[in-house]
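*Asks:* Predicted coordinates and the sequence they were generated for:
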Amino acid sequence: PAGLKAANLVIAAGNVLVSNIHLDEVVDSLPDADVIALIETSSAWKGILPSLEERWPRHWSDLRDNPFGISVLTRAPVQSSEWIMLTPGGYPAFKLEIDVDGMPVTVLAVHAMSPQSLHMLETRDAQLAMLTDLIREIPGNLILIGDLNASLWSSSLLKLMHETGLRSTRANMGFKGVNSGTWPTQA
């Protein structure tokens, strides 16, 4: 329709690695995004996060000295926010409802268990199933970001996408300004 303004939202997420000692380099490389999820933020971030308030005046953190700390920063108008515990494991995830040019958008920031053993794989798959149920209950626009510790061919990730209607950013690869990555980067 005439006069309809397109909504713009830039979202970024990155795993900053709990053992990373080069936090200044991470801060210097943060993109100009409306919402950023930093995965694996440790207590070392406690002194750094306040310095980011000029760019992202609102932020929430569950800092942990294990791989499950999360920090979410935004400059978008916030409608609501809440911590969610992914079970099994009881690891934090964050739900943020923001306003994007008058349109409500829910952002879920997540770090699922790394499937390094059969037990850890089962935990990750249970967490993705829990996310599937949670996402089905959220009406409207939703963006899931973070580190799901799943390959694009993971049956659990494919099931989550199929049952929720979510699409991978990989589908947007090739568009200018759209990046998606994996670790290790040589993969």
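*Replies:* Yep, it's here.
*Asks:* Tell me where this structure has helices.
*Replies:* 23-28, 118-136, 155-164 (DSSP state H).
*Asks:* any chance of the ones you listed in TSV, plus distance to Val35, mean neighbour count and mean pLDDT?
*Replies:* (Glycine included, C-beta is placed from N, CA and C.) Formatted as TSV, the helices of the chain follow (distance: least, CB to CB, whole Å; neighbours: other CB atoms under 10 Å; pLDDT from 0 to 100):
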stretch	distance to Val35	mean neighbour count	mean pLDDT
helix 23-28	16	12	94
helix 118-136	17	17	96
helix 155-164	19	16	95
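*Asks:* Distance to Met85 for these - can I get that in JSON lines?
*Replies:* Formatted as JSON lines, the helices of the chain follow (distance: least, CB to CB, whole Å):
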{"stretch": "helix 23-28", "distance to Met85": "26"}
{"stretch": "helix 118-136", "distance to Met85": "9"}
{"stretch": "helix 155-164", "distance to Met85": "18"}
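*Asks:* Go through those helices and name the closest to Asn66.
*Replies:* Nearest of these to Asn66, taken as CB to CB: helix 118-136 at 13.4 Å.
*Asks:* So what touches the closest one?
*Replies:* 84, 86-89, 91, 93, 108, 110, 112-115, 142, 144, 148-150, 156-157, 159-160, 163-164, 166 (CB atoms under 8 Å, 6 or more residues apart in numbering).
*Asks:* Just the C-alphas of that helix, formatted as CSV.
*Replies:* Taking C-alpha atoms only, helix 118-136 is exported to CSV below (Å, rounded to 0.1, in the frame of the first residue of the first chain):
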residue,chain,number,x,y,z
LEU,A,118,25.5,-39.1,23.7
HIS,A,119,24.2,-37.6,27.0
MET,A,120,25.0,-34.0,25.8
LEU,A,121,23.4,-34.8,22.4
GLU,A,122,20.2,-35.9,24.2
THR,A,123,20.3,-32.8,26.3
ARG,A,124,20.6,-30.5,23.2
ASP,A,125,17.8,-32.4,21.4
ALA,A,126,15.5,-32.0,24.5
GLN,A,127,16.4,-28.3,24.6
LEU,A,128,15.5,-27.9,20.9
ALA,A,129,12.2,-29.7,21.5
MET,A,130,11.5,-27.3,24.4
LEU,A,131,12.2,-24.4,22.2
THR,A,132,9.9,-25.8,19.6
ASP,A,133,7.0,-25.9,22.1
LEU,A,134,7.9,-22.4,23.3
ILE,A,135,8.0,-20.9,19.8
ARG,A,136,4.7,-22.5,18.9
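*Asks:* and Ser80, bridged to which residues?
*Replies:* Glu97 (DSSP bridges).
*Asks:* now do His59
*Replies:* In this structure, His59 bridges to Leu73 when assessed by DSSP bridges.
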